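In: Make a model of this:
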Amino acid sequence: MPLGPLQHYTIEPSNLTRTKKFYCEVLGLENGDRPPLGFPGFWLYSGGVATVHLLGPRKPREGIVVRGTKKKFKDTGRFDHIAFAASDLPGVRKRLKTKKVKFREQIVPRTGAAQIFLYDPDGVGVELNFPPEEAKA
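Out: Down below sits the predicted model:
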């Protein structure tokens, strides 16, 4: 499973609006399109790429959640997770199951992209993003 380049980083700010204002007004990112994910947040773009994701309050989910309670460390501050472009969705599923790694999978609304969420050994959230055509496999 070759991993692609880092796609984005996600922040869970204490004040969503203030943080958006900082990244847009101070750092020059642009607030842009975001799929209807069912909770508040912003996707901030740099050079046409959604580089910074800001998370607002959301309801707990079943199974593996990127920002969960089963962590080896008390807190990672405002750091939420690392996301990678990935390929070979069936192969990744098989590898994770073979290695007995717990994961959660979902399809992104509107885009149809597939996502897998898991934890690294230190409890850091990892998101793997697959193109929509792989989600149909």
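In: Enumerate every residue touching the closest residue in space to S46 that isn't next to it in sequence.
Out: Excluding the flanking residues, the one nearest S46 by CB to CB, 6 or more residues apart in numbering is L29, at 5.4 Å. In short, each C-beta sits where N, CA and C put it, glycine included. With contact set as CB atoms under 8 Å, 6 or more residues apart in numbering, L29 has these partners: 23, 44-46, 51-52.
In: among those, who's most crowded?
Out: Sorting those by how many neighbours each has (other CB atoms under 10 Å) puts L44 first, at 23 neighbours.
In: Low-confidence bits of this structure, can you list those?
Out: Residue ranges of the chain with pLDDT under 70: 61-78, 122, 137.
In: Please enumerate the helices of it.
Out: 16-21, 89-98, 132-135 (DSSP state H).
In: Of those, which is nearest G125?
Out: Closest to G125 of the helices of the chain is helix 89-98 (CB to CB; 14.6 Å).
In: What segments of this protein are strands?
Out: All strands of the chain, identified by DSSP state E, fall at 6-11, 30-32, 41-46, 49-55, 79-85, 104-107, 114-119, 125-130.
In: What pairs with the second one, parallel or antiparallel?
Out: Each strand that pairs with strand 30-32, with its direction, by DSSP bridges: strand 41-46 (antiparallel).
In: What are the contacting residues of stretch 87-103?
Out: With CB under 8 Å, 6+ apart as the criterion, stretch 87-103 contacts 1-2, 4, 63-64, 86, 105, 114, 116-119, 128, 130-131, 134-135, 137.
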